[in-house]
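Engineer: need a 3D model of the sequence below.
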Amino acid sequence: MLSYNQAIEIIPNRLYWISNKSPPRNKANSSYFCIDNELTYEPFNQDFGPINLGMTYRFCVELDKLIKNPSLSQHQIFHYTALDPVKRTNAAYLMCAYQVLFLNKTSEAAWMPFSVLPRFLDYRDAGFGMCTYKCTILHCIQGLERALKLNWFNPKTFNFEEYENLQRIENGDMNWIIPEKMLAFSSPSPNNVDGDGYKCFTPEDYCPVFKKLGISTVVRLNKRTYEANRFKAEGINHYELYFLDGSCPSEEIVKKFIKIAETEPGGIAVHCKAGLGRTGTLIACYAMKHYEISAAAFIGWIRVCRPGSVLGPQQQFLIDMELICKSWRNSESNQNLLKKLKDEFLEKTELTPEESFIAKFGDFGQAKRLVSAKKTNQSITPERRRSLDRAYTPSTRSASVTYDSGKTKSYRNNAIQNIFMSRPQNYRLPSHTPITRGKAPI
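Structural biologist: Model (predicted):
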């Protein structure tokens, strides 16, 4: 196993990844960049990643531009991250994502160089209890790889501005999970403003957006907070499939949901209170039946696509449901075989007493806590605005690069260009820094 400060090679003699207590030094004709404080995860509770789809896309696009920059064609480029376990894990995820999305590597090949490094953290859910399910970096990039093959995500056509805009609470808090088929969103409000003074989306606000997106059906999973006729009056079908907040759905509810998805034309917008747990769980069941995606890979994908999705016992529920969902589209003989495999598999999995209770009786107040956390994360305080301004403002400081000839050339450090200039959608990698001679060897 390699040590913490050992650089790993991503592109031979061109791109490297390194985690250390200080940036790399003593490396002529090389540059490094660090995104530890620029591309960060907004936690609901103790969760810390993975980095969302918009930021993942930004990282990959900017890094690809850096690699293709003519002025750096002779440079070795280092993606540097600190030794902090959270920053180190998220930085490794981003580099793996770049390999899958832009270098056309398989998820296993992208992960291989990192597998020999000291262990990375496992991602946990956004719940407030103990989490026994481990979502790994590999699961997340397996989800990205499958999404790429299914055309759920395409870096060439991805609409970054739309993603960033629609995921904000004041714009409806919605994300496509399966483009043109399954959209997750939080519960519509009966009024335009909630008790805390936040702008809310009502059914009347959602209707024109849904029509533009090709949504023809809404499925509600939580208690009634608005009249269904407010959607029906606009020609949007509406279904009720209530089950307890934080709990796992019955097989009957899963089958009803899949039947709705299979028979209704157009896209389907699914919501519970926060649009995370119950919503993600049912969409996962549909995806496992129709798209040959594993539960672990789907959890990885939806956590990237819509952070905070699938919580507590719902995670293990999806692992247990994977074979069942896939059996529903096979012959009866295959169903019997898969049922036997499922029974053997279930003997190896166990929920904690707390998770078992929540799976059956729910987690009262969980959705309210999640919505509150998202509101807090998306609030633009003066401190947050200053932080965003620093992240969005290009660096223009002078820098020096030492070439093999021994000559030093001064240049303007603006190699990484902006693509989106508007705020708050614009995320930009920090400008690269030349690796000059110093005490810390690489």
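Engineer: now do the longest helix along the chain: distance to the chain's middle.
Structural biologist: Secondary structure of the chain per DSSP state H: the longest helix is helix 85-102. Here helix 85-102 is found 12 Å from its chain centre; the criterion is C-alpha atoms, centre = their mean, to the nearest Å.
Engineer: also stretch 179-194?
Structural biologist: The mean C-alpha position of stretch 179-194 is separated from the chain mean by 19 Å, C-alpha atoms, centre = their mean.
Engineer: so for stretch 373-381, what's the average pLDDT?
Structural biologist: When pLDDT is averaged over stretch 373-381, the result is 75.
Engineer: give the full set of residues in contact with the one residue sitting closest to the centre of the chain.
Structural biologist: The centre of the chain sits closest to Val304, judged by C-alpha atoms, centre = their mean, with a distance of 1.1 Å. Each residue near Val304 by C-beta atoms under 8 Å, 6 or more residues apart in numbering is listed here: Pro50, Ile51, Asn52, Leu53, Thr56, Cys140, Gly143, Leu144. Every residue, glycine included, has its C-beta placed from N, CA and C.
Engineer: if we go to 6 Å?
Structural biologist: When contacts are counted by C-beta atoms under 6 Å, 6 or more residues apart in numbering, Val304 touches Pro50, Leu53, Cys140.
Engineer: now, which of those residues sits nearest Asn159?
Structural biologist: Distance to Asn159 across the contacts of Val304 (C-beta to C-beta) is lowest for Leu53, with 11.1 Å.
Engineer: which element follows the strand or helix carrying the residue nearest to the centre of the chain toward the C-terminus?
Structural biologist: Val304 is part of helix 295-305 when elements are defined by DSSP states H and E. In the C-terminal direction, the helix or strand that comes right after helix 295-305 (DSSP H and E) is helix 313-327.
Engineer: any buried residues in that following helix, and which?
Structural biologist: 313-327 (16 or more other C-beta atoms under 10 Å).
Engineer: give me the distance between Ser186 and Phe201.
Structural biologist: 8 Å (C-beta to C-beta, to the nearest Å).
Engineer: ok, those two, which is more surrounded?
Structural biologist: Ser186 (23 against 20; other C-beta atoms under 10 Å).
Engineer: let me see the confidence value for the more buried one.
Structural biologist: So Ser186 comes in at 97 (pLDDT).
Engineer: ok, it touching Asp173?
Structural biologist: Yes. Using C-beta atoms under 6 Å, Ser186 makes contact with Asp173 at a distance of 4.3 Å.
Engineer: about what we covered before: pull out the buried residues from the contacts of Val304.
Structural biologist: Buried among the contacts of Val304 by 16+ other C-beta under 10 Å: Pro50, Leu53, Cys140.
Engineer: give me the number of residues near Arg119?
Structural biologist: By other C-beta under 10 Å, neighbour count at Arg119 equals 9.
Engineer: can you show me the helices along the stretch 201-350 of the chain?
Structural biologist: 203-213, 229-232, 251-263, 277-290, 295-305, 313-327, 332-346 (DSSP state H, counting those that start in this stretch).
Engineer: now the stretch 1-150 of the chain
Structural biologist: Under DSSP H, counting those that start in this stretch, the stretch 1-150 of the chain gives helices at 53-67, 85-102, 107-115, 137-149.
Engineer: and the last one, what does it pack against?
Structural biologist: When you say that, I think you mean helix 137-149. helix 85-102, helix 107-115, helix 295-305 (3 or more C-beta pairs under 6 Å, 6 or more residues apart in numbering; DSSP states H and E).
Engineer: Cys140: what's it in contact with?
Structural biologist: Pro50, Tyr93, Gly300, Val304.
Engineer: so where's the protein shaky on pLDDT?
Structural biologist: Where the chain drops to pLDDT under 70, the residues are 1, 26, 331-349, 380-442.
Engineer: how about a cut-off of 80?
Structural biologist: Counting by pLDDT under 80, the ranges of the chain that qualify are 1-5, 25-28, 195-198, 330-351, 360-364, 371, 379-442.
Engineer: for Cys207, give me its contacts.
Structural biologist: Taking C-beta under 6 Å, 6+ apart, one finds Glu234 in contact with Cys207.
Engineer: contact partners for Ala110?
Structural biologist: Cys96, Gln99, Val100, Ile141.
Engineer: let's go with 10 Å and repeat that
Structural biologist: Applying C-beta atoms under 10 Å, 6 or more residues apart in numbering, we find Ala110 in contact with 10, 95-101, 103-104, 137-138, 141-142, 144-145.
Engineer: also Phe114?
Structural biologist: Applying C-beta under 10 Å, 6+ apart, the residues contacting Phe114 are 2, 8, 10, 17, 89, 92-93, 95-96, 99, 120, 137-138.
Engineer: redo that, cut-off 6 Å
Structural biologist: Phe114 touches Ala92, counting by C-beta under 6 Å, 6+ apart.
Engineer: so it versus Phe153, what's the distance?
Structural biologist: 21 Å.
Engineer: over to Gly362?
Structural biologist: Counting by C-beta to C-beta, the gap from Gly362 to Phe153 is 32 Å.
Engineer: neighbour count for the two, which is higher?
Structural biologist: A direct count of neighbours by other C-beta under 10 Å for Gly362 and Phe153 places Phe153 higher, at 23 against 19.
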